[in-house]
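A.B. asks: Sequence first, predicted coordinates after that:
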2 protein chains.
Amino acid sequence: MAKNLKLKAARARLDLSQQDLADMVDVTRQTISAIERGDYNPTINLCRRICRALNVTLNDLFWEDS
Amino acid sequence: MAKNLKLKAARARLDLSQQDLADMVDVTRQTISAIERGDYNPTINLCRRICRALNVTLNDLFWEDS
DNA sequence: ACCTAATGTAAAATATATCATACATAATGA
DNA sequence: TCATTATGTATGATATATTTTACATTAGGT
C-alpha cells in the first residue's frame, strides 16, 4: 500500500501530531505512523475513528483519487 | 458492529449471491456473510475491493448514514 | 548549534481478522 | 411439495493487524 498523504495532510490541517491523533482514536502512535506510511492495512473501524477525529469522510482519506 | 444492509442491498442490486461477490473479491463466502451481519471488522483493503466489485464508494457502504 | 519534539523503523509478543470445514436454517423456483 | 440454492453460524487453524519496547533519524524552534 502507498503512503497515505491525505491522512497526513488532514492531520496537519488540524495541527495534530501523530501522538495527538493516536490518543484521540485509541491506538499507538506507531500505528498512525504505519498507516500514513502505508505499512498497515487498518480495519474499517479504525479508519472510521480516524475520519471522525479529523472531520473527514472515508472517501476523503481512504478512497481512490477522484 | 451493526448489520451492513447497504452492502446487502448493493449486492442484491447486481443480483449477486454472497458466493459470487466472494469470488470477485477473493475471500470466502463466509467472510462476506460475516461482514454483512456485522460480525467481522474488515480491513480497509477488503472494503475497497468490495466497493469496486459493486461499483460504489467506501462512503456508500461503510460510512455513516447521511 | 543545540535541544526537544516528531517521525521512522524493527522485532517479538499479543490481539484480531480470515480461512477451512461442517452443519443448520431459510429462501426460492418448479 | 420438494429439491436446490442461499445464507447463517460455530469452531479451531491460520494469517495478519496491532501493541510494546527500543533505537534511529528528521524536523523545528530558540
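C.D. replies: In hand now; what should we look at? Bear in mind that the values here come from a model prediction, so they are computed numbers and not experimental data.

A.B. asks: Going by C-alpha atoms from here, please, whenever you check contacts or count neighbours.
C.D. replies: Noted.

A.B. asks: Give me the residues contacting the helix or strand containing A:Ala9.
C.D. replies: A:Ala9 is located in helix A:5-13, with elements delineated by DSSP states H and E. The contact list for helix A:5-13 (CA atoms under 8 Å, 6 or more residues apart in numbering or on different chains) reads A:17-18, A:21, A:36, A:54, A:60-61.

A.B. asks: Under the pLDDT cut-off, which ranges of chain A? List them.
C.D. replies: A:66 (pLDDT under 70).

A.B. asks: Could I get the full set of helices for it?
C.D. replies: Under the criterion DSSP state H, chain A contains helices at A:5-13, A:18-25, A:29-36, A:44-54, A:58-62.

A.B. asks: Contacts only, for the residue in chain A that chain B sits nearest to.
C.D. replies: Chain B sits closest to A:Thr43 of chain A, with a gap of 3.9 Å, by CA to the nearest CA. Shown in contact with A:Thr43 (CA under 8 Å, 6+ apart): B:41-44.

A.B. asks: contacts with DNA strand D among the residues you listed, please.
C.D. replies: B:Thr43 (CA under 7 Å from any atom of the strand).
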